[in-house]
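S.K.: Sequence and predicted model, in that order:
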Amino acid sequence: MTAESTSESHEPGRLLYDPATDQVGEYRDRAGPYVMLRPVGGGVEWQADPAAVRPATDRERLGAGVRAANHRTRSLPSLPPPLDEASRPPRPVPGCAACLALAERREAARAAYDRSAETDANVLLRQHQRKEHRA
């Protein structure tokens, strides 16, 4: 069997080893005289000589999968910092009717998915608390 007929039998997604780049790649398609391989886990495709590529061994497939998982983990966005007290919604002062009314206004806006009105209620509650409940 020739290398040409072997490369024609590759199915998209099959993992092949390219000795020219020393990488395992996912077979995508043919492009002229070359086969197109993509790094495991995604990335920029490269051209490989169909006569040189071969099916990846279990060890090579496992190593490529681990590298792809490590890359994904490193590229995930980090968690946002915890909210400080100024970023949290203000709590109504117990026994204050104005605080309670503004907190209810905020909850109604939240229930209606009206984030603008929710933010407005928080601003008004903070202003009220600074003016009336300054510690």
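M.R.: That came through fine.
S.K.: Now stretch 20-38: average pLDDT?
M.R.: The average pLDDT within stretch 20-38 is 93.
S.K.: Report the helix or strand with the lowest average pLDDT across the chain.
M.R.: helix 3-8 (a mean of 44; mean pLDDT, DSSP states H and E).
S.K.: Just checking: what are the partner strands of the helix or strand just after that helix?
M.R.: Using DSSP states H and E, the helix or strand that follows helix 3-8 in sequence is strand 15-18. The pairing partners recorded for strand 15-18 under DSSP bridges are strand 23-31 (antiparallel), strand 54-55 (antiparallel).
S.K.: Now do the buried residues in the first one.
M.R.: Think strand 23-31. Neighbour counts over strand 23-31 (16 or more other CB atoms under 10 Å) mark 23-28 as buried. Where C-beta positions appear, they are placed from N, C-alpha and C, glycine not excepted.
S.K.: Equivalent analysis for stretch 106-115, please.
M.R.: Buried residues in stretch 106-115, counting neighbours by 16+ other CB under 10 Å, are found at 106, 109.
S.K.: Break this protein down into its structural domains.
M.R.: Split into domains by automatic domain parsing, the chain comes to 3-75, 81-135.
S.K.: in the protein, which ranges drop under the pLDDT threshold?
M.R.: 1-9, 79-81, 83, 85-86, 135 (pLDDT under 70).
S.K.: in it, which spans are helices?
M.R.: Using DSSP state H, the helices of the chain run over 3-8, 58-75, 97-111, 115-132.
S.K.: Residue 48 is nearest to which of those helices?
M.R.: Residue 48 lies closest to helix 3-8 among these, at 9.3 Å (CB to CB).
S.K.: So which of the buried residues of strand 23-31 is the closest to residue 123?
M.R.: Lowest distance from residue 123 to the buried residues of strand 23-31 (CB to CB) belongs to residue 26, with 51.9 Å.
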